[in-house]
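Colleague: whatever this is, show me its structure:
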Amino acid sequence: MYGGDGITDDPDRTAFRRAEKKYKLYYDQNTKRRKQIRPVDLSEVVDFKSILETYNQTGETPNCVHVLKGEFDCPVIHVDNRPGFYFIPGALSVEQQCRWIKESLVSFPQPPNRTNHNAHYGPVQDLFTAAGEGKILVQKEDSLKESEPLSNANEPRWKFCDKTVNVSLKGYGGNSILASVLLRKLRWSTLGLQFDWSKRNYDVSLPHNKIPDALCQLAKKLALPALPAGDEFKPEAAIVNYFASGDTLGGHLDDMELDWTKPIVSMSLGCKGIFLLGGNSRDDEPLAMFLRSGDVVLMAGKARECFHGVPRIFTDMEHSEISLLEKHLSTATDQCFLDYIRTSRININIRQVF
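Modeller: Numbers count the residues shown, from 1 in each chain. So this is what the prediction gives:
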């Protein structure tokens, strides 16, 4: 699903890899020994928001780009040479964006949902809350002697403690990590049917919570432009990706679902990013486009066979474009969410597995 398993070509010589390197975040050292972000040429990045604004004013679009009227309020953009790919600028209201940002941080990483932390720490409860309270995750002393893999443990072998607690007197070992550091290292969580990354398939035997009904209903509605008339999208699994400054998602295919005619519904939240949509081969020149908070991408049919990835997110004030989120996350209660999303992007991609 991620990373391009089984690909043997030289990645530095493919068109997709060159595009990834072109837009990736790099730093230059200035004369005052401070790192500065290296400027990047964004002139070839497609801006569907701007295209839609022009269309609304003049009724015109660039060649091969069409604006379709869907069965909901937002127009849908379709590109002739990208069959099965649909872009819905601003599909999510600001209220919806804030809701799913909060859910992605508080609810979605909760066990039995799995995250990238499971392999080392086992199930981790209430990570976002613990980070906000300045806690540390400490390993239980008796777990150091157990041979069972942490990823299979039924009981947590790590526990959050206050930094002021003398953990050596509480039956814990010396291994620990700040919850805030662990939160910044959160890269993915899985909802619904759980994906087994080692075997590259969905393991229906793993315990899991169903995708929340509100998210299912939203995904079904958003999927309509990519479905034949009368067909239905059944959300069964979702992967939530978390990006901080400098994070990337390498070119890959989402190819583990049974029916590729059903779309992947991909929702963007937080800081603006660049999305690359290539072809069936990494040698095909990818199309680069901006993804903003509230945008939705649908990939079905032929588009499911295309390499795609995220080489860059923008966290600086000039390019992040989250002013609307800042206005809606303005209360003291929401400050922790705003602090996170100011330097982060969240992507929720929802799939029908069978």
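Colleague: mind giving me the domain split of this structure?
Modeller: 11-39+92-107+186-351, 118-184 (automatic domain parsing).
Colleague: need those domains in CSV with distance to residue 61, mean neighbour count and mean pLDDT, can you?
Modeller: In short, each C-beta sits where N, CA and C put it, glycine included. Output for those, formatted as CSV (distance: least, CB to CB, whole Å; neighbours: other CB atoms under 10 Å; pLDDT from 0 to 100):
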stretch, distance to residue 61, mean neighbour count, mean pLDDT
domain 11-39+92-107+186-351, 14, 18, 94
domain 118-184, 40, 16, 78
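Colleague: so which of those comes closest to residue 51?
Modeller: Shortest distance between residue 51 and the domains of the chain, using CB to CB, is found for domain 11-39+92-107+186-351: 10.0 Å.
Colleague: what about the strands in the stretch 101-250 of the chain?
Modeller: Ranges of strands in the stretch 101-250 of the chain, per DSSP state E, counting those that start in this stretch, are 136-140, 158-161, 172-178, 188-192, 194-196, 201-203, 237-244, 249-252.
Colleague: coming back round to it: of the domains of the chain, which is nearest residue 54?
Modeller: domain 11-39+92-107+186-351 (14.8 Å).
Colleague: residue 352 versus residue 136, what's the distance?
Modeller: 40 Å (CB to CB, to the nearest Å).
Colleague: could you do residue 102 as well?
Modeller: According to CB to CB, residue 102 and residue 352 sit 25 Å apart.
Colleague: residue 43 too?
Modeller: Taking CB to CB, one finds residue 43 at 37 Å from residue 352.
Colleague: give me the more crowded residue out of the two.
Modeller: Between residue 43 and residue 352, counting by other CB atoms under 10 Å, residue 352 is the more crowded of the two (21 against 5).
Colleague: how about the more buried one, nearest residue that isn't a chain neighbour?
Modeller: Distances taken as CB to CB, 6 or more residues apart in numbering put residue 262 closest to residue 352, at 4.3 Å, once the chain neighbours are dropped.
Colleague: do I have it right that the one you found meets residue 233?
Modeller: Yes: counting by CB atoms under 8 Å, residue 233 is a contact partner of residue 262 at 5.8 Å.
Colleague: any residues in contact with both of those two?
Modeller: 223, 227, 352 (CB atoms under 8 Å, 6 or more residues apart in numbering).
Colleague: surely residue 178 meets residue 136?
Modeller: Yes: between residue 178 and residue 136 there is a contact at 5.5 Å, judged by CB under 8 Å.
Colleague: gap between the longest helix along the chain and the chain center?
Modeller: What stands out as the longest helix in the chain, according to DSSP state H, is helix 94-106. Helix 94-106 has its C-alpha centroid displaced from the chain centroid by 13 Å (CA atoms, centre = their mean, to the nearest Å).
Colleague: ok, residues contacting it?
Modeller: Taking CB under 8 Å, 6+ apart as the rule, helix 94-106 contacts 92, 128-129, 189, 212, 215, 218, 240, 242, 267, 269-270, 293-294, 324-325, 327-329, 334, 337, 340-341, 346, 348.
Colleague: contacts for the strand or helix carrying residue 327 next, please.
Modeller: In this structure, residue 327 sits in helix 323-328 according to DSSP states H and E. Helix 323-328 is touched from outside by 94-95, 97-98, 101, 270, 293, 334, 338, 341-342, with contacts defined as CB under 8 Å, 6+ apart.
Colleague: next, the distance between the ends of stretch 195-209.
Modeller: 13 Å (CA to CA, to the nearest Å).
Colleague: same check, this time on stretch 127-140
Modeller: With CA to CA as the measure, stretch 127-140 spans 17 Å from end to end.
Colleague: contacts for that stretch next, please.
Modeller: By CB under 8 Å, 6+ apart, the surrounding residues in contact with stretch 127-140 are 105-106, 109, 117, 121, 124, 157-163, 167, 171-180, 182-183, 186, 336.
Colleague: sheet partners, orientation included, of the one helix or strand residue 274 maps to?
Modeller: Assigned by DSSP H and E, residue 274 belongs to strand 273-277. Strand 273-277 sits in its sheet next to strand 287-291 (antiparallel), strand 308-313 (antiparallel), going by DSSP bridges.
Colleague: nearest to residue 278, of those?
Modeller: Proximity to residue 278 (CB to CB) singles out strand 308-313 among the strands paired with strand 273-277, at 6.4 Å.
Colleague: what does the closest one contact?
Modeller: Here strand 308-313 has contacts from 16, 19-25, 40, 243-245, 247-253, 271-278, 286, 291, 299, 344-345, 347, using CB under 8 Å, 6+ apart.
Colleague: got the contact list for residue 274?
Modeller: Contact analysis of residue 274 by CB under 8 Å, 6+ apart lists 23, 45, 288-291, 310-313.
Colleague: format those as a markdown table; extra columns: distance to residue 78.
Modeller: As requested, these are exported to a markdown table (distance: CB to CB, whole Å):
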| residue | distance to residue 78 |
| --- | --- |
| 23 | 24 |
| 45 | 19 |
| 288 | 18 |
| 289 | 13 |
| 290 | 17 |
| 291 | 17 |
| 310 | 21 |
| 311 | 24 |
| 312 | 25 |
| 313 | 25 |
